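Novice: build me a model:
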Amino acid sequence: MIVYTPLWETLKKKGLSTYTLRVKFQISGSTVQRLRRNMSVSTNTLDDLCRLLDCSLSEIAEHIPDGEQGTTDMANHD
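Specialist: Here you go, the predicted model:
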């Protein structure tokens, strides 16, 4: 599963918030919610985040093998 835990750490490190993502960078509220819930987003969105935050993909997302999700799985995968 892909998780966006690194994104929240990157935002904190840069002194930014989800408000900044939505207002300054014009990332839709629904996309921010998808990221919060570790749901899928487009590669275009990931590319935009890397460009806007001037960071690498590893600072946005991380792959967690199935069975190792633990508490990082905030999404409902029914």
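
Novice: going forward, measure contacts and count neighbours with C-alpha atoms only.
Specialist: OK.

Novice: neighbours around residue 14, how many?
Specialist: 10 (other CA atoms under 10 Å).

Novice: measure it to residue 1 for me?
Specialist: Residue 14 is 26 Å from residue 1, where distance means CA to CA, to the nearest Å.

Novice: distance check, residue 45 against residue 31.
Specialist: 8 Å.

Novice: which one's more surrounded, the two?
Specialist: residue 31 (17 against 12).

Novice: please report the distance of residue 26 from residue 20.
Specialist: Distance from residue 26 to residue 20, by CA to CA: 8 Å.

Novice: looking at the two, which one has more neighbours?
Specialist: The neighbour comparison of residue 26 against residue 20 (other CA under 10 Å) goes to residue 20, with 13 against 10.

Novice: what helix or strand is the more buried one located in?
Specialist: Assessed by DSSP states H and E, residue 20 sits inside helix 18-23.

Novice: which strands and helices sit next to that helix?
Specialist: Applying 3 or more CA pairs under 8 Å, 6 or more residues apart in numbering; DSSP states H and E, one finds that helix 18-23 contacts helix 29-36.

Novice: rewinding a little: and the helix holding residue 20, which residues are buried?
Specialist: For helix 18-23, a neighbour-count test (16 or more other CA atoms under 10 Å) marks 18, 21 as buried.
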